[in-house]
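1. following is a predicted model, sequence given first.
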Amino acid sequence: MKTRVRFAPSPTGPLHMGGVRTALYNYLYAKQNGGDFIIRIEDTDSHRFVPGAEKYIIDSLRWCGIIPDEGVDGQGNVVQTPSERHPHAPYRQSERKGIYRKYAERLVENGMAYYAFDSAEELEKARADAEAAGQTFIYSAATRKSLKNSLTLPADKVGELVSGTTDWTIRFKMPENETVVMEDLIRGHMEVNTSTLDDKVLWKRADELPTYHLANIVDDHLMEITEVIRGEEWLPSLPLHYLLYKAFGWEKTMPRFAHLPLLLKPVGNGKLSKRDGDKMGFPVFPLKWVNPEGETFRGYREDGYFPEAFVNLLAMLGWNPGTEQEIFSMDELVKAFSLEKVGKSGAKFNPEKAKWFNREYLRSRSDSELAGMYADLLGSKGIKAASDRILKATAILKERANFVQDFWTIAPYLFIAPSEYGKYGVDLAAADASKPVDPRAKTYDNAATFPFLAKDAEKFWNEDNGRMADEAAAFITGSGVEWTKEAIEQELEGFIKSKEYPIGKVMNCLRLALTGSASGLGIADILSIVGRDELLKRLEYIRERL
RNA sequence: GGUGGGUUCGUAUAACGGCUAGUACUCAAGAUUUUCAUUCUUGCAAUGGGAGUUCGAUUCUCCCACCCACUACCA
């Protein structure tokens, strides 16, 4: 039998990284077994529907390289693998609403379910009363005999109510005192007694829609799903789902189940939630999301993560290959993945490790590809620079950065000149082309400027050091040396040593002039990129200011 | 409260019932370097507690503790 798994999100908001991981594991499992990965939209809750959420979910998965064989494509189209036996479309439960009622009624006819006429208010009251008495109300074998339903009302009254205008539901008639024996691909053998379970609503007259439980089982059956891989939050409803398959007589084709451990927040307890990211400074969503209230949530993509890195770090959260390999491409994941190696306990997300993954991917990218991204980044700051300069800078910067954005923050001085003294150091906010700080900035790439770090200036600059730096600069710019990092390094060092100048002091003065601070790239690296003239200009400039 | 699930360094995890409990991230120290970073080396750091089975328990069983999920006409 062909493997068919599905990811079945509810379009009630953006998909967070835990959801992406669930989709990923489903995808990996499907591909590993030569099967199909299906996306089904579970939009049976008309009240919680959020416009744009479905598209967001599909876009996110596509960014990750998780492409469905069947389902919706986010553009209003249906993706479907040809099946001679069954048409599986549509893939939105709202578009399938016509098919569920007869299944629910079949259960009523079999005596496995019943009509319930209690109003929301009545149930609310029953719950409140129970709570006041220190108890918990559940609609179950113990209570259904005293409630308004087709088990307690005369048949003619039931018929009247069902065809009437007042709302009603179909509830599953949970068996009394039976043990449900379950098998989970990750957790193994489990048992639960049905007396602790309640009579779940399967179908709602109010909106003519099934609830999750019914729609899920019916669709998984109709779509010939072979494995259900979903979050641990579904574990408590597994017995219900087993019973539902049994009630329909579908036991032999019932899918196997695997319940994934939850993703936990980095600090403290509890599962990762939407708000954690902004509180703790990392994204929880794959892509940026603006909710209907206009609130913005950051995304991994916008934070500069490569999709491959994001997929890789997600894969390693709750699963391990059993070897010490940590970096996996999607293809490698497909080969190595196994549900047996998925852990049982919740995984705390570690943002530091996430950055490390991105760094690994950054370093494995070619210089030319990174240079293209770097050029775009510079462009967004209003800086245009020759591509060979950008390429040279890329080679140096990629060893020091976690993200392409870091190329800018690590060394803005490669493309703009430092200007004034700043008490707080290099102010990158001020280094924005839209607000030039110093007219002199126009002399260099037409970009903005950023301030010197005053305390560094005081520390390194004095008459002697300044004079030696000037001498060194005059030598290197006038020597006709080949303008490469290696040659500059050799010549400059040779000159300073031949003069018996303190190399650290001279170099630091040059760095101060060049970068505006006491730390940064190697002098030769910087010079090879900014050029002779710029060295002289920046030295002259710092002298004027001091 | 009830039901279910879980518990190895700070975090992610490894360890047919059997070496000194391994690896990665973080952190610290040292080396390298003109500074910073990189790189390299070294180091810190864990089986929640108690019984039991066993020659031997991180691993199997039970009890306790703690954590998590679920407990809607939501998914």
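-> Perfect, I can see it now.

2. and A:R6, what are its phi and psi?
-> phi -140, psi 150 (degrees, to the nearest 10).

3. what residues are up against it?
-> A:26, A:37-40, A:71, A:220, A:223, A:225, A:228 (CB atoms under 8 Å, 6 or more residues apart in numbering). Where C-beta positions appear, they are placed from N, C-alpha and C, glycine not excepted.

4. close to RNA strand B: what parts of the stretch 51-200 of chain A are there?
-> When proximity is defined by CB under 7 Å from any atom of the strand, the stretch 51-200 of chain A lies next to RNA strand B at A:118-120, A:123, A:127, A:136, A:138-139, A:167-169, A:187-188, A:190-193, A:196, A:198.

5. sort out for me which of the residues you listed are in helices.
-> A:120, A:123, A:127 (DSSP state H).

6. any idea which of the residues you listed is closest to A:K246?
-> A:L123 (26.7 Å; CB to CB).

7. can you get me a residue count around that closest one?
-> For A:L123, the neighbour count with other CB atoms under 10 Å is 14.

8. contact partners for the nearest residue to it once chain neighbours are set aside?
-> Leaving aside its sequence neighbours, A:L123 sits nearest to A:Y139 (CB to CB, 6 or more residues apart in numbering; 7.4 Å). If you count contacts by CB under 8 Å, 6+ apart, A:Y139 has them with A:116, A:123, A:147, A:171, A:198-199.

9. what subset of those is buried?
-> The neighbour-count test (16 or more other CB atoms under 10 Å) marks A:116, A:147, A:171, A:198-199 as buried among the contacts of A:Y139.

10. out of the residues you listed, which sit inside strands?
-> Applying DSSP state E to the buried ones among the contacts of A:Y139, the entries found in strands are A:116, A:171.

11. tell me the one of the buried ones among the contacts of A:Y139 nearest RNA strand B?
-> Each of the buried ones among the contacts of A:Y139 was scored against RNA strand B by CB to the nearest atom of the strand, and A:D198 proved nearest at 6.4 Å.

12. how about the residues of the stretch 201-350 of chain A near RNA strand B?
-> A:201, A:204-206, A:209, A:211-213, A:232-237, A:261-262, A:264, A:269-271, A:316-320, A:322, A:324, A:326, A:341, A:343-350.

13. which of those residues are buried, as a PyMOL select command?
-> Applying 16+ other CB under 10 Å to these, the buried members can be selected in PyMOL as follows:
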select buried, chain A and resi 201+204+205+209+211+212+213+232+235+261+262+264+316+317+318+319+320+346+347+349
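
14. now, the residues of the stretch 201-350 of chain A next to RNA strand B that are in strands?
-> Counting by DSSP E, these contribute A:201, A:204, A:209, A:264, A:347-348 to strands.

15. for the buried ones among the contacts of A:Y139, give me TSV that also has pLDDT.
-> Below are the buried ones among the contacts of A:Y139 laid out as TSV (pLDDT from 0 to 100):
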residue	pLDDT
A:A116	97
A:L147	94
A:R171	98
A:D198	95
A:D199	97
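
16. can I get the buried ones among the contacts of A:Y139 in a markdown table with distance to A:S380?
-> Shown next, in a markdown table, are the buried ones among the contacts of A:Y139 (distance: CB to CB, whole Å):
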| residue | distance to A:S380 |
| --- | --- |
| A:A116 | 59 |
| A:L147 | 63 |
| A:R171 | 57 |
| A:D198 | 55 |
| A:D199 | 58 |
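
17. my guess is A:I225 meets A:P255, correct?
-> Yes. Contact status for A:I225 versus A:P255: in contact at 4.8 Å, counting by CB atoms under 8 Å.

18. these two: which has the busier surroundings?
-> Neighbours of A:I225 and A:P255, each counted by other CB under 10 Å, are more numerous for A:I225; the result is 25 against 21.

19. in the stretch 201-350 of chain A, which spans are helices?
-> Ranges of helices in the stretch 201-350 of chain A, per DSSP state H, counting those that start in this stretch, are A:212-222, A:238-248, A:276-280, A:307-315, A:330-336.

20. most packed of these?
-> Stretch with highest mean neighbour count among the helices of the stretch 201-350 of chain A: helix A:307-315 (a mean of 23; mean count of other CB atoms under 10 Å).

21. out of everything not next to it in sequence, what's closest to A:I67?
-> Here the residue nearest A:I67, using CB to CB, 6+ apart, is A:L61, at 7.4 Å.

22. the one you found sits in which helix or strand?
-> Per DSSP states H and E, A:L61 falls inside helix A:53-64.

23. then A:N508?
-> Element membership for A:N508 (DSSP H and E) is helix A:503-515.

24. tilt between the helix or strand that that helix is followed by and helix A:503-515?
-> Counting by DSSP H and E, the next helix or strand C-terminal to helix A:503-515 is helix A:523-530. Here the directions of helix A:523-530 and helix A:503-515 differ by 30 degrees (axes from the mean of the first three to the mean of the last three CA atoms, to 10 degrees).

25. from the residues of the stretch 51-200 of chain A next to RNA strand B, which ones fall inside strands?
-> A:169, A:188, A:190-193.

26. hang on, the earlier thing: quick check on the residues of the stretch 51-200 of chain A next to RNA strand B: which are buried?
-> A:118, A:138-139, A:168-169, A:187, A:192, A:198.

27. tabulate the residues you listed in a markdown table, adding columns for distance to A:G382.
-> As requested, those are exported to a markdown table (distance: CB to CB, whole Å):
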| residue | distance to A:G382 |
| --- | --- |
| A:D118 | 66 |
| A:I138 | 64 |
| A:Y139 | 64 |
| A:W168 | 65 |
| A:T169 | 61 |
| A:R187 | 56 |
| A:V192 | 63 |
| A:D198 | 62 |
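
28. next, give me the two most distant ones among those residues.
-> Spatial extent of those (CB to CB) is set by the pair A:W168 and A:R187 at 36.5 Å.

29. which residue is nearest the centroid of chain A?
-> A:P286 (3.0 Å; CA atoms, centre = their mean).

30. any idea how far RNA strand B is from that residue?
-> 18 Å (CB to the nearest atom of the strand, to the nearest Å).

31. rewinding a little: what lies in contact with the helix holding A:L61?
-> Under CB under 8 Å, 6+ apart, the answer for helix A:53-64 is A:7, A:9, A:11-15, A:19-20, A:23-24, A:39, A:41, A:43, A:67-68, A:72-75, A:285-287, A:289, A:301, A:307, A:310-311.

32. averaged pLDDT, stretch A:510-528. What do you get?
-> Mean pLDDT, computed over stretch A:510-528, is 90.

33. rewinding a little: residues of the helix holding A:N508 that come out buried?
-> A:505-515.

34. of the residues you listed, which ones also sit close to RNA strand B?
-> Applying CB under 7 Å from any atom of the strand to these, those adjacent to RNA strand B are A:507-508, A:511.

35. return the closest of those with respect to RNA strand B.
-> A:M507 (3.3 Å).

36. looking at it, the closest one is touching A:I523, isn't it?
-> Yes. Between A:M507 and A:I523 there is a contact under CB under 8 Å: 5.4 Å.

37. was I right about A:G111 contacting A:L151?
-> No. Using CB under 8 Å, A:G111 is not in contact with A:L151, being 9.6 Å away.

38. neighbour count winner among the two?
-> Per other CB under 10 Å, whichever of A:G111 and A:L151 has more neighbours is A:L151, with 15 against 10.

39. that one belongs to a strand?
-> No. Counting by DSSP: H, G, I helix; E, B strand; the rest coil, A:L151 is not part of a strand but coil.

40. A:V158 versus that one, what's the distance?
-> 9 Å (CB to CB, to the nearest Å).

41. what do you get for A:L512?
-> To A:V158, A:L512 is 88 Å away according to CB to CB.

42. one more: A:D43?
-> 30 Å.

43. in the stretch 351-500 of chain A, which spans are strands?
-> A:418-422, A:450-453 (DSSP state E, counting those that start in this stretch).

44. how long is stretch A:492-509 end to end?
-> 13 Å (CA to CA, to the nearest Å).

45. what ranges of chain A fall below the confidence cut-off?
-> Residue ranges of chain A with pLDDT under 70: A:84, A:419-459, A:545-546.
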